[in-house]
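Asker: next input, structure requested:
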Amino acid sequence: MGRHTQYIVSLSQEEKNKLQAMRKDNKLSARVSKRVLILLALDDKKNSNLNHRQINCFCW
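Answerer: Numbers count the residues shown, from 1 in each chain. Coordinates of the predicted model:
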């Protein structure tokens, strides 16, 4: 297995607002909606050390 890469996500308030507006848009594909949820979840500072399985559970 390869090494897992960790990324630090730090969103500005403007970026958070855009993503939250996108989350409410029913016209987005499932893939984009999932990515929006992941970005919002990772921006929360207490969730910065989640692994991919924890993120997947958190976003459903």
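
Asker: and the helix or strand harbouring Leu42, which residues are buried?
Answerer: Counting by DSSP states H and E, the element that carries Leu42 is helix 30-43. By neighbour count on 16 or more other CB atoms under 10 Å, the buried set for helix 30-43 is 33, 36-43. Glycine gets a C-beta too; all of them are placed from N, C-alpha and C.

Asker: stretch 10-23 too?
Answerer: Applying 16+ other CB under 10 Å to stretch 10-23 flags 19, 22 as buried.

Asker: which residues touch that stretch?
Answerer: 28, 32-33, 36-37, 39-40, 43 (CB atoms under 8 Å, 6 or more residues apart in numbering).

Asker: which members of the buried residues of helix 30-43 are the farthest-apart pair?
Answerer: Using CB to CB, the two most remote members of those are Ser33 and Asp43, lying 16.1 Å apart.

Asker: and the gap between Leu39 and Leu28?
Answerer: 13 Å (CB to CB, to the nearest Å).

Asker: and if you look at Leu11?
Answerer: Distance from Leu11 to Leu28, by CB to CB: 18 Å.

Asker: ok, now Ala41?
Answerer: Ala41 is 16 Å from Leu28, by CB to CB.

Asker: helices of the protein, start to end?
Answerer: Along the chain, the segments classed as helices by DSSP state H run 13-23, 30-43, 52-58.

Asker: tell me the mean pLDDT over the shortest one?
Answerer: On average, the pLDDT along helix 52-58 is 67.

Asker: all set, thanks.
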